[in-house]
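Student: Fold the following and give me the result.
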Amino acid sequence: MDRISPIGLILGLAAILGGQVLEGGNVSSLLQVTAFIIVIGGTLGAVMLQNSPAVFLAGVRLLPWVFRPPPTEFQGLLDRIVQWGNTARRGGLLALESAIVAQPDGYTRKGLQLLVDGAEPAVLRAALELDLQTYEDFHRQAARVWESAGGYAPTIGILGAVLGLIHVMENLSDPSKLGAGIAVAFVATIYGVASANLLFLPIANKLKSLVARQVRLREMVIDGLEAIASGENPRNIGMRLEGYIA
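Tutor: Model (predicted):
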């Protein structure tokens, strides 16, 4: 679990709510159902309009990555690739058949299967790079779902503020209704700006960095399996792949 994400979220919210209290305000004054519906509902509608159903749902499914990132064990992968190289050198490429079943990752299984089937190094690289390009493009689009939400939310918040002010202008003759309209106007702006900068944009940037790490991991698989297919010395393969490890 990525502990810094919930800590950052709690810290950001605590700073805003704590500042409200220190200024003598009441936290309950920031709770406006109408403003919430306008900002979140409007943002959700705009994001759904922008993206295809597949991309939108993929973006939603990526959200748990923020708190539970997918594993990126570069050192463990390096050790396995070197082990595969030693196995192939001793028993030939067919000796790697048992390693295919043991791999939980479908991408690595496909690469090993191509290797066992005797694919030429260039053919193996081309096939895996095509899959990698598709993976990267789709997951980056999914991460941009949250980025687009961060772009729309402040504008929808301003729209909510304008709607609140219209309500105020319509009820100038009834002072009892002015407070609710003014509250919606200001709180909608807060919801829009806060949701964009505390949630949507940080989530988008984190997801993009996690996707980049997954892509880097797959690039390591490509380089390692291509080197094994070319018959390189496993020790040299390991030394070259060490460049992937920070």
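Student: Show me what the one helix or strand Gly151 maps to packs onto, helices and strands only.
Tutor: Using DSSP states H and E, Gly151 sits within helix 121-170. The contact analysis (3 or more CB pairs under 8 Å, 6 or more residues apart in numbering; DSSP states H and E) places helix 121-170 against helix 42-50, helix 53-62, helix 106-116, helix 178-195, helix 201-229. From N, CA and C alone the C-beta is placed, and that goes for glycine too.
Student: quick one: contacts for the residue nearest the centre of the chain?
Tutor: In the chain, the centroid-proximal residue (CA atoms, centre = their mean) is Leu207; its distance is 1.9 Å. By CB atoms under 8 Å, 6 or more residues apart in numbering, Leu207 lies in contact with 62, 65-66, 142-143, 146.
Student: For ChimeraX, write the select line for the buried members of those residues.
Tutor: To isolate the buried ones among those in ChimeraX, judged by 16 or more other CB atoms under 10 Å, type:
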select :62,65,66,142,143,146
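Student: any chance of the contacts of Leu207 in CSV, with distance to Val55 and pLDDT too?
Tutor: CSV is the format used below for these (distance: CB to CB, whole Å; pLDDT from 0 to 100):
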residue, distance to Val55, pLDDT
Leu62, 11, 95
Trp65, 16, 95
Val66, 18, 94
Ala142, 6, 96
Ala143, 10, 96
Trp146, 12, 97
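Student: quick one: which of the contacts of Leu207 is nearest to Thr108?
Tutor: Of all the contacts of Leu207, Thr108 sits closest to Trp65, with 19.3 Å by CB to CB.
Student: And the closest residue to Arg61 other than its chain neighbours, how close does it get to Met1?
Tutor: Leaving aside its chain neighbours, Arg61 sits nearest to Ala142 (7.7 Å; criterion: CB to CB, 6 or more residues apart in numbering). As judged by CB to CB, to the nearest Å, Ala142 and Met1 stand 21 Å apart.
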